[in-house]
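Colleague: What follows is a protein structure lacking sequence information:
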Ligand SMILES: Nc1nc2c(ncn2[C@@H]2O[C@H](COP(=O)(O)OP(=O)(O)O)[C@@H](O)[C@H]2O)c(=O)[nH]1
Ligand SMILES: [Mg+2]
């Protein structure tokens, strides 16, 4: 059985600037990645709710910062913790105009640099392809700003086990950090047999107990 269990998961608020961030503060875990990489699906998988975050086959849909309030429990000692999962708009969507891309950058940079309650950022990369220029640029930006990053390689069900290991090495290589931890993840694997899900919940829970 999973050590960490979801007690509650609800959509709280969509924000377009810092005035709209939730007034009640909790630690935050944010998700970034290219449009269509699987951010919303991962939030649904993690919380084990079908439609908490809206998924779409058409990239470029989410244009706001979406806050989900989550309560989890450590089944070993009944400790309960609240936090926010934060779904950020996707980058790298070809049809988005240049103006839109600059806006994206300002809007996201503002959130990421002005939210001291962020514990870490999950950057999602499609396991089937090497990181894009955009993926690498965003990763470097996070590292430069001293924001802890966990790389999640999405859609791992689409390739073989052997390929998973190769893709993970490629990602580490392209990002230039061999000791980086990269979690392969499949959002279509049912919660009860999804080991990556329970690993990620463990990482999140442990981060919530750390001070700072
Ligand atoms: N097979 C598979 N498909 C996925 C997975 N994650 C996302 N998808 C599909 O990829 C598309 C985009 O997913 P979505 O979560 O909306 O991406 P977002 O734009 O990053 O929020 C949808 O058609 C999903 O069903 C996964 O782990 N496995
Ligand atoms: Mg989405």
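Modeller: Happy to help now that I have it. Everything numeric here is computed off the predicted structure, so don't read it as measured data. Residues are numbered from 1 along each chain as shown. Ligands and ions are numbered 1, 2, ... in the order given.
Colleague: Residue 198 is in contact with residue 4, isn't it?
Modeller: Yes: with contact defined as CB atoms under 8 Å, residue 198 counts as touching residue 4 (7.1 Å). Bear in mind the C-beta positions are built from the backbone N, C-alpha and C, glycine included.
Colleague: between these two, which one's more packed in?
Modeller: Legend: neighbour count by other CB atoms under 10 Å for residue 198 and residue 4, higher for residue 4 (22 against 17).
Colleague: Please identify the nearest residue in space to the more buried one, excluding sequence neighbours.
Modeller: For residue 4, ignoring the flanking residues on the chain, the nearest one in space by CB to CB, 6 or more residues apart in numbering is residue 201 at 3.9 Å.
Colleague: could you measure the one you found against ligand 1, distance?
Modeller: Relative to ligand 1, residue 201 is positioned 16 Å away (CB to the nearest ligand atom, to the nearest Å).
Colleague: contacting residues around that residue?
Modeller: Contact analysis of residue 201 by CB atoms under 8 Å, 6 or more residues apart in numbering lists 2, 3, 4, 6, 46, 72.
Colleague: Residue 141 now?
Modeller: Shown in contact with residue 141 (CB under 8 Å, 6+ apart): residue 109.
Colleague: tell me which element it is part of?
Modeller: Following DSSP states H and E, one finds residue 141 within helix 133-144.
Colleague: Tell me which residue is most central in this structure.
Modeller: Nearest to the mean C-alpha position of the chain, counting by CA atoms, centre = their mean, stands residue 31 at 2.6 Å.
Colleague: Apart from its neighbours in sequence, what residue is nearest the residue in the chain that ligand 2 sits nearest to?
Modeller: Here the residue of the chain nearest ligand 2 is residue 40; by CB to the ion that distance is 3.4 Å. Of all residues not flanking residue 40 in the chain, residue 53 sits nearest, at 3.7 Å (CB to CB, 6+ apart).
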